[in-house]
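**Student:** the sequence and its predicted three-dimensional model are supplied below.
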Amino acid sequence: QLQLVESGGGLVQPGGSLRLSCAASGFTLDYYTIGWFRQAPGKERERVSCITSSGDRTNYADSVKGRLIISRDNAKNTVYLQMNSLQPEDTAVYYCNVRLSSRDYWGQGTQVTVSS
């Protein structure tokens, strides 16, 4: 059964850092572009970053450029999102996503709260 499991969220003060993980099971991540999305209360889900299958290309939303770094370890079947200089507006549930055979798969999400 194909599954994505996010972890690493939590409560952090403004300016702090977190590293999110997205672990895949039931399929091999190697061949797919993986995206990180977030959804804040009352807002639509937005993509914050994605990384190609080989990891040679990455993309970031303007709101997170220079603060977030996406990476992958295909040997561990895991994609990471290093989040630095976090701000209250980064508060959201973060999800990872993969599209297989024209179908989107999502994890359950991990909550990130940035507050003093």
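**Tutor:** On my side now, so go ahead. Everything quoted here is computed from the prediction, not taken from an experiment.
**Student:** only C-alpha atoms from now on, for both contacts and neighbour counts.
**Tutor:** Noted.
**Student:** what's across from residue 69 in the sheet?
**Tutor:** As for beta bridges, residue 69 partners with residue 82 under DSSP bridges.
**Student:** residue 19 now?
**Tutor:** residue 82.
**Student:** who's in contact with it?
**Tutor:** By C-alpha atoms under 8 Å, 6 or more residues apart in numbering, residue 19 lies in contact with 8-9, 80-83.
**Student:** biggest separation within the residues you listed, which pair?
**Tutor:** Of all pairs drawn from the contacts of residue 19, the greatest distance, 11.7 Å, lies between 9 and 80 (C-alpha to C-alpha).
**Student:** what's the overlap in contacts for the two?
**Tutor:** With C-alpha under 8 Å, 6+ apart as the test, residue 9 and residue 80 both reach 19-20.
**Student:** mind checking which of those two has more residues around it?
**Tutor:** For residue 9 and residue 80, the more surrounded residue by other C-alpha atoms under 10 Å is residue 80, and the numbers stand at 22 against 18.
**Student:** against residue 42, how distant is that one?
**Tutor:** Distance from residue 80 to residue 42, counting by C-alpha to C-alpha, to the nearest Å: 26 Å.
**Student:** and what of residue 67?
**Tutor:** Going from residue 67 to residue 42 by C-alpha to C-alpha gives 24 Å.
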